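A.B. asks: just a sequence and a predicted model for now, questions to come.
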Amino acid sequence: PPIGGGGVVVHGMLVSSLFSCVFGTLIPGSVYRSQNVQFRAPVFANDVVLGRVKVIRVKKLRIGGGGFGSLVSCDTSVLILDEGSNGDGDEDEAASCHDGRVCITGKAEVWLPGVVCG
């Protein structure tokens, strides 16, 4: 639905699904354990966004039955890129992303079965 003349708003959970895509693509076999999100600003249908995941802690764990793995805790965020950004990830754009508007922040935990990190 339109809000304040800004256009069609994208549902926040749809935008936050970027995190699942990042984990599933960059860490195949990972198990998404938890995610919390805070919606800070609306995202509109034509906005270009950038999802970020920053690893903040890795904990080695053993589970019942002799299994093992790593539990990875992450900070997560989604930024709305400035007008004119095309989202292709080039260096100039990466530098300007620091000035992007934060629309979602949160924390996530990902289980890496059979992988010992740290």
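C.D. replies: Nice, thanks for sending it over.
A.B. asks: what segments of this structure are strands?
C.D. replies: 9-10, 31-39, 43-44, 49-63, 67-80, 101-113 (DSSP state E).
A.B. asks: closest to Leu18 out of the ones you listed?
C.D. replies: Of all the strands of the chain, strand 49-63 sits nearest to Leu18, with 3.5 Å by CB to CB. C-beta: built from backbone N, CA, C; applies to glycine.
A.B. asks: mean neighbour count added to the strands of the chain, as CSV?
C.D. replies: Listed next are those as CSV, based on neighbours: other CB atoms under 10 Å:
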stretch, mean neighbour count
strand 9-10, 16
strand 31-39, 14
strand 43-44, 18
strand 49-63, 14
strand 67-80, 19
strand 101-113, 18
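A.B. asks: possible to save those as JSON lines with distance to Leu18?
C.D. replies: Listed next are the strands of the chain as JSON lines, based on distance: least, CB to CB, whole Å:
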{"stretch": "strand 9-10", "distance to Leu18": "11"}
{"stretch": "strand 31-39", "distance to Leu18": "11"}
{"stretch": "strand 43-44", "distance to Leu18": "10"}
{"stretch": "strand 49-63", "distance to Leu18": "4"}
{"stretch": "strand 67-80", "distance to Leu18": "6"}
{"stretch": "strand 101-113", "distance to Leu18": "9"}
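A.B. asks: give me the number of residues near the closest residue to Phe39 other than its chain neighbours?
C.D. replies: By the measure of CB to CB, 6 or more residues apart in numbering, the closest residue to Phe39 outside its immediate chain neighbours is Gly12, 4.5 Å from it. The tally of other residues near Gly12 (other CB atoms under 10 Å) stands at 18.
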